[in-house]
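A.B. asks: below: sequence and its predicted model.
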Amino acid sequence: MSENTASTKDNQNGVTRPKPGTVSGRIWEITDSLSAQEGFPVARKKVLEAAVAEGINAATAATQYGRWRKYHGLGAEPKSDVVTEADVA
């Protein structure tokens, strides 16, 4: 009997963590880093600002931020923290 040597994907709450070195992975790194600095889940606006500053599309950052929240079992961000794409452009 042989063992399954294929790497398993990091999956939580129905979301697979993106691979390092990808644009999506970079957005997750930004979100993880900012959240660690603040000691709680960072606001979407800060993630979008940091991503756009690195030349990442704001819509991609917004999508990945939502996936990051779901992966960590967090609900939707409170409405007071939600910004539009125009707010970071």
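C.D. replies: Received, thanks.

A.B. asks: just for this structure, where's the confidence low?
C.D. replies: 1-7, 79-89 (pLDDT under 70).

A.B. asks: so which residues of it form helices?
C.D. replies: Counting by DSSP state H, the chain has helices at residues 23-38, 44-53, 58-71, 85-88.

A.B. asks: and the angle from the first one to helix 44-53?
C.D. replies: This points to helix 23-38. 130 degrees (axes from the mean of the first three to the mean of the last three C-alpha atoms, to 10 degrees).

A.B. asks: quick check: buried residues in helix 23-38?
C.D. replies: Ser24, Arg26, Ile27, Trp28, Ile30, Thr31, Leu34, Ser35 (16 or more other C-beta atoms under 10 Å). (C-beta placed from N, C-alpha, C; glycine too.)

A.B. asks: would you put the C-alpha positions of it in PDB?
C.D. replies: Presented in PDB, the C-alpha positions along helix 23-38 are these (Å, rounded to 0.1, in the frame of the first residue of the first chain):
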ATOM      1  CA  VAL A  23      -1.300  38.000  -6.400                       C
ATOM      2  CA  SER A  24      -4.000  36.400  -4.300                       C
ATOM      3  CA  GLY A  25      -1.400  35.000  -1.900                       C
ATOM      4  CA  ARG A  26       0.100  38.500  -1.500                       C
ATOM      5  CA  ILE A  27      -3.200  39.900  -0.600                       C
ATOM      6  CA  TRP A  28      -3.600  37.300   2.100                       C
ATOM      7  CA  GLU A  29       0.000  38.100   3.300                       C
ATOM      8  CA  ILE A  30      -1.000  41.800   3.600                       C
ATOM      9  CA  THR A  31      -4.200  41.000   5.400                       C
ATOM     10  CA  ASP A  32      -2.400  38.600   7.800                       C
ATOM     11  CA  SER A  33       0.400  41.100   8.500                       C
ATOM     12  CA  LEU A  34      -2.000  44.100   9.100                       C
ATOM     13  CA  SER A  35      -4.200  41.900  11.300                       C
ATOM     14  CA  ALA A  36      -1.200  40.800  13.400                       C
ATOM     15  CA  GLN A  37      -0.100  44.400  13.800                       C
ATOM     16  CA  GLU A  38      -3.600  45.500  15.000                       C
END
